[in-house]
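Q: Here is a sequence together with a model predicted from it:
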Amino acid sequence: MLYRVEGIVIRSMDYGENNKIVTLLTKTNGKAGVLIRGAKKVKSKHSSLAQPFTYGEFVYFRSNGLGTLNHGEIIESHHLLREQLDMAAYASYAVELTDRSLQDEEATGFHFEQLNACLSALEQGKDAQIVIHLYEMRILDLSGYAPELEECVSCGNRLGPFKLSPHAGGILCSRCSGKDSSAIPLGEGAYKLLRLFRMMDMRRLGNIQVKLETKEQLKVCMRKLIDTHLGFQLKSRSFLDQLDKLL
């Protein structure tokens, strides 16, 4: 069967002497594995379609399992994300997180739009850490693990201060925080941003100025939420952490 889809390359691997196999996050058909013959050749007309983060139209034939590319056109290359080490690290984390959180046949229209907006925001020079934390929240939300941030998950109290309890699935007020000794204290800035992230579409993100202290709190919170509910060991996150230390 012949498929024509819009897709983003979220994984690319060598196959044989001259070929590549890419995993696409498509707009309409979930994740799709596609063989691109000759993609490793310098003069191949399809080599650019096999590059990570590329957004394009892909026409491929598939009978069972892996598809084979017939034709493709680039819509947005996102080449700047491959040219800068820090941007490549953040973008690699975003696509790997997407890949690991989705089943192959899962409906992906909104996932696709959010990932494309994430990559575009990184390429536009918006604060990469804020972009990624917002995207992490979208992944948690789409996976069914978004935290409750409006009221205490134990007693329903809406008056702070609060602590974040990933294990409890949201915030705990001062009266209930003793129920989770590992709950994370939330400063006012971090709490406001978490609530904003909980409801915000990636496509609406503007330029946000965030204090370093608040960003560090956000990082701790989002990492704990991801680790608790998704539990992925991501190579790209390990590299991103090493890069953060160097920078």
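A: Happy to help now that I have it. Residues are numbered from 1 along each chain as shown.
Q: got the buried residues for the host helix or strand of residue 227?
A: If you go by DSSP states H and E, residue 227 is part of helix 212-229. With burial defined by 16 or more other CB atoms under 10 Å, the residues of helix 212-229 counted as buried are 214, 215, 217, 218, 219, 221, 222, 224, 225, 226, 228, 229. The way it works is simple: take the backbone N, C-alpha and C, and place the C-beta from them, glycine included.
Q: Going by residue numbers, what spans are strands in the chain?
A: For the chain, the strands defined by DSSP state E cover 2-15, 19-26, 31-36, 55-61, 67-76, 162-165, 170-173, 184-185.
Q: most tightly surrounded among those?
A: Ranked by mean neighbour count, the strands of the chain are led by strand 162-165 with a mean of 24 (mean count of other CB atoms under 10 Å).
Q: still on that earlier bit, mind putting the strands of the chain in TSV, distance to residue 236 and mean pLDDT included?
A: Formatted as TSV, the strands of the chain follow (distance: least, CB to CB, whole Å; pLDDT from 0 to 100):
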stretch	distance to residue 236	mean pLDDT
strand 2-15	11	95
strand 19-26	14	96
strand 31-36	17	94
strand 55-61	19	96
strand 67-76	21	95
strand 162-165	24	98
strand 170-173	27	98
strand 184-185	24	96
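Q: For residue 84, give me phi and psi.
A: phi -120, psi 130 (degrees, to the nearest 10).
Q: residues near it, how many?
A: Neighbours of residue 84 under the rule other CB atoms under 10 Å: 13.
Q: Residues in contact with the helix holding residue 227: which ones?
A: Helix 212-229 is touched from outside by 97, 129-130, 133, 136-137, 139-140, 143, 145, 147, 164, 166-167, 184, 186-187, 189-190, 193-194, 210, 232, with contacts defined as CB atoms under 8 Å, 6 or more residues apart in numbering.
Q: Show the contacting residues for the spatially most central residue of the chain.
A: Centrality entry for the chain: nearest residue to the mean C-alpha point is residue 94, 3.2 Å, by CA atoms, centre = their mean. Applying CB under 8 Å, 6+ apart to residue 94 gives the contacts 115, 118, 119, 122, 132, 135.
Q: Which of the residues you listed sits closest to residue 45?
A: residue 119 (23.2 Å; CB to CB).
Q: Could I get the contacting residues of that closest one?
A: With contact taken as CB under 8 Å, 6+ apart, residue 119 is in contact with 8, 53, 55, 78, 81, 91, 94.
Q: For those, which two are the farthest from each other?
A: 55 and 94 (13.0 Å).
Q: worst-scoring helix or strand of this protein, pLDDT-wise?
A: Ranked by mean pLDDT, DSSP states H and E, the helix or strand of the chain with the weakest confidence is helix 235-246, at a mean of 87.
Q: Which parts of the protein belong to which domain?
A: Annotated domains of the chain cover 2-76, 80-151+157-246 [automatic domain parsing].
Q: Just the buried residues from the contacts of helix 212-229, in ChimeraX please.
A: In ChimeraX, this line selects whichever of the contacts of helix 212-229 come out buried by 16+ other CB under 10 Å:
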select :97,129,130,133,136,137,139,140,145,147,164,166,184,186,190,193,194,210
